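In: A structural model of the following input is requested.
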Amino acid sequence: MKLEEFFKEYTKVAIAFSGGCDSAYLTYAAIKYAREVKAYYVKTAFQPEFELEDALKFAKEYALDLSVIECDILSVQDVANNPSNRCYFCKNQIFGKILGKANEDGYTTILDGTNASDDASDRPGMKALEEMKVISPLRLAGLSKSDIRALSREAGLFTWNKPAYACLATRVPTGEKITGEILNKTEKAETYLASLGLINFRVRYRDGGALIQIADGQQDLYNQNKDKIEAELGRYYVNLKLDEKLRDKI
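Out: Here you go, the predicted model:
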C-alpha cells in the first residue's frame, strides 16, 4: 500500500509526532494527502530539548496543528525502575496520553512513525502500540529508513538527515533506576558533544561514570577536542571512558 492510498482510506488522522525523520515524513505525507491532520508531541524527561524545538519548527514551517502534552514519565514506577520491557510501559503512558487527547479532539485513527526497518522483536514498545491499535503507515508501505531519508530529502524536509536519536532512558543500564539527575547529566553531556560537531554518538551512564560511544569516522574530531571534552564532562561524571569496540552500535 502506498501512502497516498492509505490516506485515501484514512482521511482524518492523529499523529504521534516526535520531530524525528520518520514521524516528520509521515506527517508531511498526511498533510499532502489526508483531509484533516492533527499532531501530538508528548514532552517527557526522556526527550532532550532540541527534539521539541525541531517539532515546533516543523509545525511552523508546514502550518501543522500540533499539541504539546506534558507527561511526568518518572512518576511511573514501571518505567523509572527500568526493567527490560521499560519501553512497553513507557509507550503505554505516552500513547495513552495521545489517545485520550486525540479522542477529545474528535480523532479515532492514531498513527506513528514506525518504519519497515524497525525490528519488532527488539522493540517491546511496539507491543503496546499493537494493543492500542496504533497504525504505522510507513511500515505498511514497506518504507525503510533509507527510503524515508531519500523521500524526505526530495521533499525538502530539514529532518531528512537528522541522526537517529533513541530516548535518553536508553543511556541507563537495564535494571538501574532512572532518575532526573542522570537524565539531566546525559542531556548536558550530549548537547556539549553535539556543539563540537560530533554526530551519531551516545554518552551512556555507568556507575557514576560515562561510557562514550562515537560513530566511525569521528575519532579525529574527538581527539582534537579530547581535553575540552574531559574537562566539560568531568563536571558531571566521576570518570570517562571511550568505547573503542562498540562505536558502530550506538
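In: State the mean pLDDT of the longest strand along the chain.
Out: In the chain, assigned by DSSP state E, the strand with the most residues is strand 36-43. Across strand 36-43, the average pLDDT comes to 98.
In: Identify each buried residue in the helix or strand that comes right after that strand, please.
Out: Once the chain leaves strand 36-43, the next helix or strand it forms, by DSSP states H and E, is helix 49-61. Within helix 49-61, the residues scored as buried using 16 or more other Cβ atoms under 10 Å are 50, 51, 54, 55, 58, 59. The C-beta positions use only the backbone N, C-alpha and C, and glycine is treated the same way.
In: how far away is the third one from residue 132?
Out: Taking Cβ to Cβ, to the nearest Å as the criterion, residue 54 is separated from residue 132 by 25 Å.
In: do the same with the second one
Out: Using Cβ to Cβ, residue 51 is found at 22 Å from residue 132.
In: so where's the chain shaky on pLDDT?
Out: 119-122, 244-250 (pLDDT under 70).
In: That one: helices as residue ranges?
Out: Remark: helices assigned in the chain by DSSP state H are 3-9, 21-33, 49-61, 77-80, 86-104, 125-131, 137-140, 145-155, 180-195, 219-224, 226-233.
In: would you turn these into TSV with distance to residue 71?
Out: Formatted as TSV, those follow (distance: least, Cβ to Cβ, whole Å):
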stretch	distance to residue 71
helix 3-9	28
helix 21-33	17
helix 49-61	13
helix 77-80	10
helix 86-104	5
helix 125-131	14
helix 137-140	24
helix 145-155	26
helix 180-195	14
helix 219-224	34
helix 226-233	28
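In: so what's residue 81 up against?
Out: 177, 178 (Cβ atoms under 8 Å, 6 or more residues apart in numbering).
In: do the same with residue 173
Out: 82, 204, 205, 206.
In: tell me the domain ranges of the chain?
Out: Using automatic domain parsing, the domains assigned to the chain come out as 3-155, 179-242.
In: can you tell me the distance between the two ends of the longest one?
Out: Right, the one you point to is domain 3-155. Length of domain 3-155, first residue to last, Cα to Cα, to the nearest Å: 14 Å.
In: chain center to that domain, what's the gap?
Out: Counting by Cα atoms, centre = their mean, to the nearest Å, domain 3-155 is centred 9 Å from the centre of its parent chain.
In: mind listing what the closest residue to residue 218 other than its chain neighbours touches?
Out: In space, and not counting its chain neighbours, residue 218 is closest to residue 198: 5.7 Å by Cβ to Cβ, 6 or more residues apart in numbering. Contacts for residue 198 (Cβ under 8 Å, 6+ apart) come out as 214, 218, 221, 222.
In: One more pass at 10 Å, please.
Out: 190, 192, 212, 214, 215, 218, 221, 222, 225, 229 (Cβ atoms under 10 Å, 6 or more residues apart in numbering).
In: Buried subset of those as a PyMOL selection?
Out: With 16+ other Cβ under 10 Å as the criterion, this PyMOL line picks the buried residues out of the contacts of residue 198:
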select buried, resi 190+192+212+214+215+218+222+225+229
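In: Closest one to residue 89 out of the contacts of residue 198, please.
Out: residue 190 (23.9 Å; Cβ to Cβ).
In: Residue 200 is in contact with that closest one, correct?
Out: No: taking contacts as Cβ atoms under 10 Å, residue 190 lies outside contact range of residue 200: 11.2 Å.
In: Overlap in contacts, those two.
Out: With Cβ under 10 Å, 6+ apart as the test, residue 190 and residue 200 both reach residue 165.
In: circling back: so which of the domains of the chain is the most surrounded?
Out: When the domains of the chain are scored by mean count of other Cβ atoms under 10 Å, the highest mean neighbour count falls to domain 3-155 (a mean of 18).
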